[in-house]
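Peer 1: Provide a 3D model corresponding to the input given below.
(one chain, ligands or ions: 1)
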Amino acid sequence: MLLQVKDVTHSYGVPRLFWRSDRRVPVLSDISLTIEQGMCLGLLGTSGAGKSTLGKVILGLEKPRQGQVFFQGHDLYSTDIQTRKVLRRDLQVVFQDCYSSVNPRMTAERIIGEPLDNYERLSLNEQKRKIGELLEMVGLNPEDMRKYPNQFSGGQLQRINIARAIALKPKMIVLDESVSSLDMVNQTHILGLLRELKSVFGLSYLFITHDIKAAYSICDGLAVLEKGELVEMFDDKDRIFASSHATVRSLISSILSEHPRHRSLSLDGDPT
Ligand SMILES: Nc1ncnc2c1ncn2[C@@H]1O[C@H](COP(=O)(O)OP(=O)(O)OP(=O)(O)O)[C@@H](O)[C@H]1O
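Peer 2: Below is the predicted model:
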């Protein structure tokens, strides 16, 4: 098992202006889930359900109040710093906002080269060659490495973020609404790219989204969060259609056409 989230509960403190507050808002309640190597789990839920918080907990960025996160058998929050650094290499992230995820003053070469600088000792030429290969892998041109973020479209810049995420050949990537800000055409292309990278590298994804159609198109399994609780978990994504849970039904109906003729729409295709 690659990732195990065990009984995770989390809450955020409520800030007060003039006195200390011990009031906390519960955000995650007793969450347990697993992700196997090579599997893509979709984490669905409405806004504020706690999806991004769970993503941060899994990335080792937000220590949960209770529970544990095991990545490759190591407890992320109690392991030593050295092991944590090694584990971080295998656990990468791509966020929704491709522009704020990068330093506007860095070229694509430096953006993609950052994790390589941190973890690998490559010569200048080796690093350039590797960055060129990564750019090609995500469908861009090696010459694009000289460009700055403002010279790329949103879709191209998200490809740069993906190239950075795969630079160290990680085992798992947390994709937090990574295609949500893109138009439909770019969304389809990036989802295709993610599917391809998954099969080439045996990558695992946690695909965080409110978009059930995008999740269905890339995920093997689906989990549904509501108000911090994991209300349903489907190892096989197709089982979601049999769910009678109100939240799950409303997620499904949100993508179905109003027209009765489209009620049996497959999530893979467009309505005919
Ligand atoms: N750093 C923080 N401090 C305090 N409260 C927070 C913090 N981050 C998130 N929250 C609150 O925790 C709850 C869950 O937020 P979270 O971002 O995890 O939900 P989400 O399901 O990812 O939502 P969205 O789809 O809108 O991004 C929300 O009520 C949010 O306001």
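Peer 1: need the residues of this structure near the ligand, please.
Peer 2: Those residues of the chain that sit near the ligand, judged by CB under 6 Å from any ligand atom, are 12, 27, 45, 47-53, 210. For every residue, glycine as well, the C-beta is placed using N, CA and C.
Peer 1: adding neighbour count, secondary structure and pLDDT, write those out as JSON lines.
Peer 2: Rendered in JSON lines, the data for these read as follows (neighbours: other CB atoms under 10 Å; DSSP: H, G, I helix; E, B strand; the rest coil; pLDDT from 0 to 100):
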{"residue": "Tyr12", "neighbour count": "12", "secondary structure": "strand", "pLDDT": "93"}
{"residue": "Val27", "neighbour count": "21", "secondary structure": "strand", "pLDDT": "97"}
{"residue": "Gly45", "neighbour count": "23", "secondary structure": "coil", "pLDDT": "93"}
{"residue": "Ser47", "neighbour count": "7", "secondary structure": "coil", "pLDDT": "91"}
{"residue": "Gly48", "neighbour count": "13", "secondary structure": "coil", "pLDDT": "94"}
{"residue": "Ala49", "neighbour count": "23", "secondary structure": "coil", "pLDDT": "96"}
{"residue": "Gly50", "neighbour count": "22", "secondary structure": "coil", "pLDDT": "97"}
{"residue": "Lys51", "neighbour count": "24", "secondary structure": "helix", "pLDDT": "97"}
{"residue": "Ser52", "neighbour count": "19", "secondary structure": "helix", "pLDDT": "97"}
{"residue": "Thr53", "neighbour count": "22", "secondary structure": "helix", "pLDDT": "98"}
{"residue": "His210", "neighbour count": "17", "secondary structure": "coil", "pLDDT": "91"}
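Peer 1: what would those residues look like in CSV with distance to Glu120?
Peer 2: Supplementary listing: these in CSV, determined by distance: CB to CB, whole Å:
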residue, distance to Glu120
Tyr12, 36
Val27, 36
Gly45, 36
Ser47, 38
Gly48, 39
Ala49, 37
Gly50, 35
Lys51, 32
Ser52, 29
Thr53, 31
His210, 36
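Peer 1: quick check: the two most widely separated of the residues you listed?
Peer 2: For the residues of the chain next to the ligand, the maximum inter-member distance is 20.1 Å, found between Tyr12 and His210 (CB to CB).
Peer 1: the helices in the stretch 151-272 of the chain, which residues?
Peer 2: 154-166, 184-201, 212-218, 246-253 (DSSP state H, counting those that start in this stretch).
Peer 1: Val57 and Gln66 touch, don't they?
Peer 2: No. Contact between Val57 and Gln66 fails when scored by CB atoms under 8 Å: they sit 10.9 Å apart.
Peer 1: between these two, which is the more surrounded one?
Peer 2: Neighbours around Val57 and Gln66, counted as other CB atoms under 10 Å, are more numerous at Val57. The numbers are 23 against 13.
Peer 1: OK, contacts around the more buried one?
Peer 2: Residues in contact with Val57 (CB atoms under 8 Å, 6 or more residues apart in numbering) are 5, 8, 10, 28, 63-64, 69.
Peer 1: over to Asn186?
Peer 2: Listed by CB under 8 Å, 6+ apart, the contact set of Asn186 reads 153-155, 158, 179.
Peer 1: put together JSON lines for those residues, with neighbour count and pLDDT on each row.
Peer 2: Shown next, in JSON lines, are these (neighbours: other CB atoms under 10 Å; pLDDT from 0 to 100):
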{"residue": "Ser153", "neighbour count": "12", "pLDDT": "94"}
{"residue": "Gly154", "neighbour count": "15", "pLDDT": "93"}
{"residue": "Gly155", "neighbour count": "19", "pLDDT": "94"}
{"residue": "Gln158", "neighbour count": "28", "pLDDT": "95"}
{"residue": "Val179", "neighbour count": "26", "pLDDT": "93"}
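Peer 1: on that earlier part again, and for Val57 and Gln66, which residues touch both?
Peer 2: Residues within reach of Val57 and of Gln66 at once, by CB under 8 Å, 6+ apart, are 8, 10.
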